[in-house]
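S.K.: only geometry, no sequence info:
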């Protein structure tokens, strides 16, 4: 097996339903990476693709040790496939990109130059005009605004899947554990030294995207529930204001009772207790929930992916 300890660059590409586009992907990656003048490897992770992607990858790789093929035991999803590739990457710099050639391999040089000349840990592509459908573009707009209030990602920062990072950052990222990993959010959790570089976003070379409304809803739900305590904080705040409001409501009904305007015995006390106890219960649930989230994050050791075979 060849020595990969001094590799200059690793490129991670998750592969799914890409049988027809793989020859062009191999060719353009090889040309773009050879022009960089440094040693490189490409790690292609087959996410249990239902077509012949694995067989095509093996044929195109041949005896070239620069291409590393990883086959997963089942479909784990794009994000887990990227995390798997990061775990196998050994280059000084690590690139992640999609397999549909909407990310131009020639732009790797642009991202890499920005990373080497700036004081940052990762550089992420920002696209001039995204070649997506209206559902995905609207979803991206909504996700960015939700992420600002839940995960704390600034609106001016684009977390696309075309990125380059330093080896230390990639290693720290691959060690993160989350039941529903989203690489961009995990990267933002690892480091705040992230910058954007604008590049072109190309139309899909072949096929069509499987990203639809269902994926958008799932993605937003995971973002809110898995990467923030925003719902718990909202429950806690709601409980606090209900408890506080119960004192004002109780004072109001006490005055009306003292003025003889409430004739039903015990009605004022009942209303006051319901408001107060409901508020205190919601506030307590929020506090307990925050502690539970911290405990779950500290003990989470689940495997995000299972590798069937690796071919170097």
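M.R.: All right, it came through fine. Note that the coordinates shown come from a computational prediction; the quantities given were computed from them, not determined experimentally.
S.K.: low-scoring pLDDT stretches of the stretch 51-200 of the chain, where are they?
M.R.: Scanning the stretch 51-200 of the chain for pLDDT under 70 picks out 130-137, 139-140.
S.K.: can you show me the helices along it?
M.R.: Per DSSP state H, counting those that start in this stretch, the stretch 51-200 of the chain carries helices over the ranges 53-61, 78-88, 108-117, 134-150, 167-174, 183-190.
S.K.: distance to residue 267 and mean neighbour count added to those helices, as JSON lines?
M.R.: (Each C-beta comes from the backbone N, C-alpha and C, glycine too.) Below are the helices of the stretch 51-200 of the chain laid out as JSON lines (distance: least, C-beta to C-beta, whole Å; neighbours: other C-beta atoms under 10 Å):
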{"stretch": "helix 53-61", "distance to residue 267": "70", "mean neighbour count": "18"}
{"stretch": "helix 78-88", "distance to residue 267": "55", "mean neighbour count": "24"}
{"stretch": "helix 108-117", "distance to residue 267": "68", "mean neighbour count": "17"}
{"stretch": "helix 134-150", "distance to residue 267": "40", "mean neighbour count": "15"}
{"stretch": "helix 167-174", "distance to residue 267": "59", "mean neighbour count": "20"}
{"stretch": "helix 183-190", "distance to residue 267": "50", "mean neighbour count": "21"}
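S.K.: tell me which of those sits nearest to residue 274.
M.R.: Across the helices of the stretch 51-200 of the chain, the minimum distance to residue 274, taken as C-beta to C-beta, is reached by helix 134-150, at 30.9 Å.
S.K.: so which of the helices of the stretch 51-200 of the chain is nearest residue 266?
M.R.: Minimum separation from residue 266 across the helices of the stretch 51-200 of the chain (C-beta to C-beta) falls at helix 134-150, 42.6 Å.
S.K.: out of the helices of the stretch 51-200 of the chain, which is closest to residue 97?
M.R.: Closest among the helices of the stretch 51-200 of the chain, once you apply C-beta to C-beta, is helix 108-117, at 7.7 Å.
S.K.: how far does that closest one sit from its chain's centre?
M.R.: 22 Å (C-alpha atoms, centre = their mean, to the nearest Å).
S.K.: which other helices and strands contact it?
M.R.: strand 9-15, helix 22-34, strand 93-96, strand 122-127, strand 163-166, strand 194-199 (3 or more C-beta pairs under 8 Å, 6 or more residues apart in numbering; DSSP states H and E).
S.K.: pull the residues that contact that helix.
M.R.: 9, 11, 32-33, 35-36, 93, 95, 97, 122-125, 162-166, 195, 197, 199 (C-beta atoms under 8 Å, 6 or more residues apart in numbering).
S.K.: and with 6 Å instead?
M.R.: With C-beta atoms under 6 Å, 6 or more residues apart in numbering as the test, helix 108-117 has contacts from 32, 95, 123, 164, 197, 199.
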